[in-house]
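A.B. asks: build me a model:
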Amino acid sequence: MKQLSRTHTVLLLTFLVIMWGVNWPLSKIALSYTPPLLFAGIRTILGGLILLIFALPRYKRLRFKETWHFYFISAFFNIILFYGLQTVGLGYAPAGLFSAIVFIEPVLLGIFCWIWLGESMYRLKMIGLLLGFTGVAIISASGFTGGISAVGIILALGSAVGWGLGTVYVKKTGDRVDSIWMVTVQLIMGGLFLLSVGSKFESWSNIQWEMPFIANLLFISTFVIAFGWLAFFTLVGSGEASKVGSFTFLIPLIAILCSSFLLHENITLNLVVGLLFIVISILFVNMKLKSKMVPDSSV
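C.D. replies: Below is the predicted model of the structure:
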């Protein structure tokens, strides 16, 4: 994939951050019209079918018989755990707070990449990891004193772990599968699983097919899931992965602001302080040290 121009990179990053930020309050609104697992399944399948349009011209790169297990494992972490726990968890916690906890994922990713991908672990990164977990602890504190649901916090952390493990797995297998096919197939696979589980434990008759819900569903499926992931892989494929990581902290910030405006959620002191810790943490974890500094501070 050719190198993107600076303007193209900025536009894609801006689109990605805004779409993945507004996703949280919009998903919370959608849950007032639908059971969570059915919603998770419908939106991911729709997103996968839209991406299929972009994947089909690359059909020779699918090689499904040889690579199906890569798609299956990735779908388990990135769709079933990440989207499944996320959608259910939004029913137990405010959208802004929930997103702030989920975006501990870049910090978890630093640990997972150290363990499984052999990436370096140096003092600045360790401080960043510690700050990130401190931030989540500050945000989550009221969850264990009755202020918010502890179940929501646990599901948010589970969603973050699933996304982190899924990202490491995609990185580890990236040279063996096509990136567009990976996200397309995992969305369809994971979506079908979520839809089947939702059909067993939830009722389709409980979905209120009203225009606000339909518009919300189509927006999330198209712009957040399909085009969001397409933008993400375009940036990663052109060597802009580090920039995506560095701008990740803006996503929960947008989610919190939009949730305050659309859902009238309170912005508490705990949330602001905890998010600040996470922002600094993500910056530290993504900060690249010069090669000459690494030997002195690695562990």
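A.B. asks: helix or strand: which one has the closest residue to residue 93 other than its chain neighbours?
C.D. replies: Leaving aside its chain neighbours, residue 93 sits nearest to residue 152 (2.9 Å; criterion: C-beta to C-beta, 6 or more residues apart in numbering). C-beta: built from backbone N, CA, C; applies to glycine. Per DSSP states H and E: residue 152 is located in helix 150-173.
A.B. asks: and that helix, how far from the chain's centre?
C.D. replies: Centroid separation between helix 150-173 and its chain, computed with C-alpha atoms, centre = their mean, to the nearest Å, is 8 Å.
A.B. asks: so for that helix, what gets flagged as buried?
C.D. replies: 150, 152-171, 173 (16 or more other C-beta atoms under 10 Å).
A.B. asks: now for it, which elements pack on it?
C.D. replies: Helix 150-173 sits against helix 64-75, helix 82-89, helix 95-102, helix 105-116, helix 179-201, with contacts defined as 3 or more C-beta pairs under 8 Å, 6 or more residues apart in numbering; DSSP states H and E.
A.B. asks: now for the helix or strand just after the fourth one, which elements pack on it?
C.D. replies: For helix 105-116, the following helix or strand on the C-terminal side (DSSP H and E) is helix 123-140. In terms of contact count using 3+ C-beta pairs under 8 Å, 6+ apart, helix 123-140 is assigned the packing partners helix 95-102, helix 105-116, helix 269-286.
A.B. asks: buried deepest among those helices, which one?
C.D. replies: Mean neighbour count (mean count of other C-beta atoms under 10 Å) peaks for helix 95-102 among these, with a mean of 28.
A.B. asks: tell me how far that helix is from the chain's mean position?
C.D. replies: 11 Å.
A.B. asks: kindly report the same for stretch 215-224.
C.D. replies: In terms of C-alpha atoms, centre = their mean, the centre of stretch 215-224 is set 16 Å apart from its chain centre.
A.B. asks: that stretch: end-to-end distance?
C.D. replies: Taking C-alpha to C-alpha, to the nearest Å, stretch 215-224 runs 13 Å from one end to the other.
A.B. asks: which of the residues in that stretch are classified as buried?
C.D. replies: Buried residues in stretch 215-224, counted by 16+ other C-beta under 10 Å: 216-217, 219-224.
A.B. asks: if you look at the residues you listed, which of them are in helices?
C.D. replies: Counting by DSSP state H, the buried residues of stretch 215-224 place 216-217, 219 in helices.
A.B. asks: circling back to that earlier point, quick check, nearest of the buried residues of stretch 215-224 to residue 107?
C.D. replies: Of all those, residue 107 sits closest to residue 224, with 22.6 Å by C-beta to C-beta.
A.B. asks: so where does the residue nearest to the closest one when sequence neighbours are not counted fall, helix or strand?
C.D. replies: Leaving aside its sequence neighbours, residue 224 sits nearest to residue 23 (C-beta to C-beta, 6+ apart; 4.5 Å). For residue 23, the element it lies in under DSSP H and E is helix 6-30.
A.B. asks: helix 6-30 and the next helix or strand after that helix, what's the angle between them?
C.D. replies: Per DSSP H and E, the first helix or strand lying C-terminal to helix 6-30 is helix 36-55. Angle, helix 36-55 to helix 6-30, by axes from the mean of the first three to the mean of the last three C-alpha atoms, to 10 degrees: 150 degrees.
A.B. asks: may I have helix 36-55 as PDB, with CA atoms only?
C.D. replies: C-alpha atoms of helix 36-55 as PDB (Å, rounded to 0.1, in the frame of the first residue of the first chain):
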ATOM      1  CA  PRO A  36     -27.900  -6.100  23.500                       C
ATOM      2  CA  LEU A  37     -26.700  -9.300  21.900                       C
ATOM      3  CA  LEU A  38     -29.100  -9.100  19.000                       C
ATOM      4  CA  PHE A  39     -27.900  -5.500  18.400                       C
ATOM      5  CA  ALA A  40     -24.300  -6.500  18.600                       C
ATOM      6  CA  GLY A  41     -24.900  -9.300  16.100                       C
ATOM      7  CA  ILE A  42     -26.900  -7.200  13.600                       C
ATOM      8  CA  ARG A  43     -24.500  -4.300  13.600                       C
ATOM      9  CA  THR A  44     -21.300  -6.400  13.200                       C
ATOM     10  CA  ILE A  45     -22.900  -8.600  10.400                       C
ATOM     11  CA  LEU A  46     -24.000  -5.400   8.500                       C
ATOM     12  CA  GLY A  47     -20.600  -3.900   8.900                       C
ATOM     13  CA  GLY A  48     -19.000  -7.100   7.600                       C
ATOM     14  CA  LEU A  49     -21.300  -7.200   4.600                       C
ATOM     15  CA  ILE A  50     -20.500  -3.600   3.700                       C
ATOM     16  CA  LEU A  51     -16.800  -4.300   3.900                       C
ATOM     17  CA  LEU A  52     -17.300  -7.400   1.700                       C
ATOM     18  CA  ILE A  53     -17.800  -5.000  -1.200                       C
ATOM     19  CA  PHE A  54     -14.200  -3.800  -0.700                       C
ATOM     20  CA  ALA A  55     -12.900  -7.300   0.000                       C
END
